[in-house]
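**Q** Quick one: sequence and predicted model below, then my questions.
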Amino acid sequence: YVYEKIHVDEASGYAFDFGLAVRPFSSGSLAPLRTGFTLANVGSMTALRTVETTLPMLLRYGAGYRFAIESVKGGLTVEAAGLTLLEESATHLNIGAEFDYLGIVFLRAGFQSGYETKDLSFGGGAVYGGLRFDYAFTPFNDILGNAHTIALSVLL
């Protein structure tokens, strides 16, 4: 259910997301490969006063591969993904890498294409007991400054 309200004007509707995640190989050197896609915001909304409300239909797709590094009891995960806004035919490509040590300490770097104000990001994380701490730094190319993102998660 989707709902939008601006002052006294409202619009509502329904939207659905469809997705599929696949590990195409169950054994061999390609077993760590993961692929997937989603089609998001499939639906419609009523008009907001007299203005038609259009949901931004998105297609997301990507693949990732984890290289195990036995000497550090961790690994390197490399992922590439795309996001296409179907109505605008705009596509953004994302590439990222994460190095983990013992599954406890993580270092990350990423690149996003198609944005005027950002492209690179860096970060890290740590797991302690049932808690996970994540940090990301994104420098912007404009007067927007820099973004620092901090997350604390409880692992169940």
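**A** Now that the structure is in, tell me what you want to look at.
**Q** same for the worst-scoring helix or strand of the chain on mean pLDDT, what does it pack against?
**A** In the chain, no helix or strand scores lower on mean pLDDT, DSSP states H and E than strand 2-6, which sits at a mean of 88. Where contact means 3 or more C-beta pairs under 8 Å, 6 or more residues apart in numbering; DSSP states H and E, strand 2-6 is packed against strand 9-22, strand 34-45. To be clear about C-beta, it is placed using only N, CA and C from the backbone, and glycine gets the same treatment.
**Q** Which neighbouring elements make contact with the helix or strand that the last one is followed by?
**A** The helix or strand immediately downstream of strand 34-45 is strand 58-69, counting by DSSP states H and E. Using 3+ C-beta pairs under 8 Å, 6+ apart as the contact test, the elements touching strand 58-69 are strand 34-45, strand 74-85.
**Q** Now strand 58-69: average pLDDT?
**A** For strand 58-69, the mean pLDDT works out to 95.
**Q** Would you mind giving both backbone torsions of Thr54?
**A** phi -110, psi 130 (degrees, to the nearest 10).
**Q** which ones are touching it?
**A** 45, 87 (C-beta atoms under 8 Å, 6 or more residues apart in numbering).
**Q** Show the pLDDT at it.
**A** On pLDDT, Thr54 comes in at 84.
**Q** now it: how far from Glu88?
**A** 11 Å (C-beta to C-beta, to the nearest Å).
**Q** Skipping adjacent residues, who's closest to Asp142 in space?
**A** Closest residue to Asp142 apart from its sequence neighbours, by C-beta to C-beta, 6 or more residues apart in numbering: Thr117 at 4.5 Å.
**Q** How confident is the prediction for Ile95, by pLDDT?
**A** Listed pLDDT for Ile95 reads 97.
**Q** Shouldn't Ser71 be within a helix?
**A** Yes: according to DSSP: H, G, I helix; E, B strand; the rest coil, Ser71 belongs to a helix.
**Q** Stretch 32-46: how far from the chain's middle?
**A** A distance of 12 Å separates the centroid of the chain from that of stretch 32-46, by C-alpha atoms, centre = their mean, to the nearest Å.
**Q** Please point out which parts of it sit buried.
**A** 37-41, 45 (16 or more other C-beta atoms under 10 Å).
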